[in-house]
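A.B. asks: okay, predicted coordinates and the sequence, questions at the end:
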Amino acid sequence: YLEVLVAESLSPCSDTSAPPWGSVQNVTFNGIEFLEQTGSEGGVGHLHEWTSYSTQKGNACITLRFMLHSLNLGNYATPPPAFNREAETAVFTQIMNTFGWLP
């Protein structure tokens, strides 16, 4: 799923709900610089992976947080379809490439 978060006067502009582990780097989409934060956490056969992109416009910090939830298929007698991480995360770049400021 995708969450869109907006906070005022947040410095530095970042996903404040992100755990302190994971990677952080600057990326650019459509000429707009974003702080990209990634990470994962799991438990009891579940894995949650997130990628957040944060940027500032005026006083607003805008964060787009993508969350993926997958399961350990070995936990099921009849497992659900396998999770294709590459296909599921490809949409992140597609969505981010549509981000832009309205005039």
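C.D. replies: Received the coordinates, thanks.
A.B. asks: check contacts around the spatially most central residue of the chain.
C.D. replies: The centre of the chain sits closest to residue 51, judged by C-alpha atoms, centre = their mean, with a distance of 2.4 Å. For residue 51, the contact set (C-beta atoms under 8 Å, 6 or more residues apart in numbering) comprises 36-38, 65-66, 89, 92. In short, each C-beta sits where N, CA and C put it, glycine included.
A.B. asks: flag every buried residue along stretch 28-40.
C.D. replies: Applying a neighbour-count criterion of 16 or more other C-beta atoms under 10 Å, the buried positions in stretch 28-40 are 29, 32, 34-39.
A.B. asks: how about stretch 45-54?
C.D. replies: 49-54.
A.B. asks: stretch 50-70 too?
C.D. replies: 50-56, 61-66, 68, 70.
A.B. asks: restricted to strands, list these.
C.D. replies: Per DSSP state E, strands hold the following members of the buried residues of stretch 50-70: 50-56, 61-66, 68, 70.
A.B. asks: distance of the residue nearest to the centre of the chain from residue 15?
C.D. replies: From residue 51 across to residue 15, the span is 9 Å (C-beta to C-beta, to the nearest Å).
A.B. asks: overlap of the contact sets of the two?
C.D. replies: Common contacts of residue 51 and residue 15 (C-beta under 8 Å, 6+ apart): 37, 65.
A.B. asks: circling back: closest to residue 22 among the buried residues of stretch 28-40?
C.D. replies: For the buried residues of stretch 28-40, the closest approach to residue 22 (C-beta to C-beta) belongs to residue 39, at 2.6 Å.
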